[in-house]
Structure formats: C-alpha cells, structure tokens
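A.B. asks: Here is my input, please return the structure:
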Amino acid sequence: MRKIKVFLALSCVCFSAFFSGCGGLESGETSQNIKLKVSSFNMMFKSDVPNPNPAYFEYTKMTIRAWEVRKDMLMPLLKFHEIDICGSQELRNPQLEYLFPDKDYAYVDSAVASKVWMKNVVIYRKDKYRPLSDGFFMINPGKKNGRYCQWVKFLDLNTNGEFFVFNLHNDHLKPELRLAASKLVLEKIPEIAKGLPFLLTGDFNAYIDSGEMKPYSESAIMSEAKSISVLSPYGPKTSGCFPYEKFPAITKGAPIDFIFVSKGIKVLKFGVLTDCRNGSYPSDHFPVVAKIEIPKIAK
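C.D. replies: Numbers count the residues shown, from 1 in each chain. As a prediction, this is how the structure comes out:
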C-alpha cells in the first residue's frame, strides 16, 4: 500500500512537471513557445466633422454606425474574446482618449506627433507584453494620403521571447498605391525585424487574389493566417458588415482585413467575429482573429 502511495505521489509530481515545466527563466532565456491571440480590427473613425465625401459622412452618421452607439462595444469585445494583441485602424485621437486608459490594455502610437488623422495603433495586454521599441514609416512616401505602417517590438513577459507586430491601413482608392505599399512593406519588415518572428495586421483595402496583394500572397517570408490555420476557419467569408454602394470593397463581401505571420509561426485557428448588440455592430468591419504559436527562438 505504501509503495502505491509513493508511486502515485511521484506520478503527480511528474504529471505536474510535464505541464508546468521545470525551473525558472534565466535573464534573456526563452523556455517555451509564445501562444497568443492576435486580431486585425478596423474600429471605424468618428465622423465629428464633414467628410470630403458627403455621402460617406452621412453613412458614418447613421444611428447604427454612430460612435455614440459603438464606443462601449469595442474594449468589451477584446476582453471577452481574450485578444492579446490587436492591430487597429482608423481610430482618431478623441476616440483613443475615450477608450484609454484601460485597466487591461494599453496601446502604442508612434505617429502621435504626425499629421495623420486616422491612427493605426497597436493595442496590447499590459500584463502579458512590454513594448521594447516602436516606430512607423509612410507606405506611400511623397503622397498626401497619410497612409503608414506602425511597428512595435514586444517582449513576452511569460517566456522572455521577442517578436514584432506591424500594422497598416492601405489607400482605399488607387490600386497602384496599394501595390507600391506592398512592395515597400516587404522591404522594410526584414530591415526592422532582423530575423525575429513578426505579425502583420491591417485593413489592406484589397482582396487576397488581387494584383496589389500578390507580393504578400507570394512572399517567401510570410503566410496569410487563414490559409494555414490548423482548424477550419470560423465565421463568414467576408470581413465587412454594412454594405454601402460607394465602397465595393465592403459591398462585394470578400475579405479586405488580414493577418500575416512570418514563416515558422503556427496558426492554430482563425475566425471572423460578428458580435453585435441590439442590431448594432462595433464597426463597419468585422475583427479577424488568429490564435498563433510562435516557436522558441534561440538567443
């Protein structure tokens, strides 16, 4: 009987060690892979001044699209779905001031001093990650469309692992500008990431099979998350809700919001979230979400 008790006790110790790992982390050491939930989410700007396009201004002022209706739906959505990192697009400074500070999340905005009026901030869990460095670059330099790519280098506080997040919002009118941006982004990412794992989120304003997205879909350094998901993708095939005849990228229904991951990152599952409250949605885009696993990087 005593032998059985000793055997069971040792078994419990071994079982616990198997799931929890043994020993503590040394400084700069990564003991395990990084698992996280990443989202790309165009949160839709607040129309508090007339837009150059009067029809679109009226579109964003409609009751179900109004900021006053949507503003208390955004952060609860991130928290309920346990999103760790969110590449957001279109938020303006007054919206950021309303949403933050938040007890669970913070954000990085390297373009805070620039003249861009819609931000591509990266939102992150304060208890799980620490920004180590950040910056941004214009994806259509020389143009006045204000389109840029935000980047952040993060430290995972659980594993001491490091990775990059890049987040952008493409031009919505000209395919040639989107194509030029694709080529520039693919040049800049290796320069900045320097071999570390990276994620690219964004509202690309283009379909995955379009010419301007071809540099991404054929890239040797990254993969589109949905296409390599271990589990079958969840949710609708679109990433936009609220069809509007002036904006066929949303009306047509094909996704324009994407998550890309560097080669070697495993996508465990991918989904498109369609949460709403009393018939109103948090944005005119659905958030796309991927649960990923970043492999241990030897230092």
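
A.B. asks: Poorly predicted segments of this structure, please.
C.D. replies: By pLDDT under 70, the low-scoring segments of the chain are 1-31, 48-64, 113, 241-253, 298-299.

A.B. asks: Please, where are all the strands along the stretch 1-150 of the chain?
C.D. replies: Assigned by DSSP state E, counting those that start in this stretch, the strands in the stretch 1-150 of the chain fall at 34-42, 85-89, 105-108, 122-125, 129-138, 148-156.

A.B. asks: so of these, which one's packed in deepest?
C.D. replies: The highest mean neighbour count among the strands of the stretch 1-150 of the chain belongs to strand 85-89 (a mean of 27), with neighbours defined as mean count of other Cβ atoms under 10 Å. Every C-beta, even on glycine, is put in place using the N, C-alpha and C of the backbone.

A.B. asks: just the angle between that one and strand 148-156, please?
C.D. replies: Between strand 85-89 and strand 148-156, the angle formed by their directions is 170 degrees, by axes from the mean of the first three to the mean of the last three Cα atoms, to 10 degrees.

A.B. asks: ok, strand 85-89: who's next to it in the sheet?
C.D. replies: Applying DSSP bridges, strand 85-89 is found paired with strand 34-42 (parallel), strand 122-125 (antiparallel).

A.B. asks: how close does the residue lying closest to Lys226 once chain neighbours are set aside sit to Val122?
C.D. replies: If the residues on either side of it in the chain are set aside, Lys226 comes closest to Phe270, at 4.7 Å by Cβ to Cβ, 6 or more residues apart in numbering. Applying Cβ to Cβ, to the nearest Å, the value for Phe270 to Val122 is 19 Å.

A.B. asks: Number of residues surrounding the residue nearest to Lys226?
C.D. replies: By other Cβ atoms under 10 Å, 23 other residues sit near Phe270.

A.B. asks: cool, the one 3 residues further on as well?
C.D. replies: Taking other Cβ under 10 Å as the neighbour definition, Leu273 ends up with a count of 20.

A.B. asks: looking at the sheet around the closest residue to Asp84 other than its chain neighbours, what are its partners?
C.D. replies: Closest residue to Asp84 apart from its sequence neighbours, by Cβ to Cβ, 6+ apart: Leu36 at 4.1 Å. Beta-bridge partners of Leu36, counted by DSSP bridges, are Ile292.

A.B. asks: how about Arg178, secondary structure?
C.D. replies: The three-state assignment at Arg178 reads helix, by DSSP: H, G, I helix; E, B strand; the rest coil.

A.B. asks: gap between it and Gly195?
C.D. replies: Taking Cβ to Cβ as the measure, Arg178 falls 27 Å from Gly195.

A.B. asks: Which residues are in contact with the spatially closest residue to Pro236 that is not a sequence neighbour?
C.D. replies: Closest residue to Pro236 in three dimensions, ignoring its sequence neighbours and counting by Cβ to Cβ, 6+ apart: Val272, at 5.6 Å. Contacts here follow Cβ atoms under 8 Å, 6 or more residues apart in numbering; on that basis Val272 touches Pro233, Tyr234, Gly235, Pro236, Lys237, Thr238, Ser239, Pro255, Phe286, Pro287, Val288, Val289.

A.B. asks: repeat that for 7 Å
C.D. replies: Gly235, Pro236, Ser239, Phe286, Val288 (Cβ atoms under 7 Å, 6 or more residues apart in numbering).
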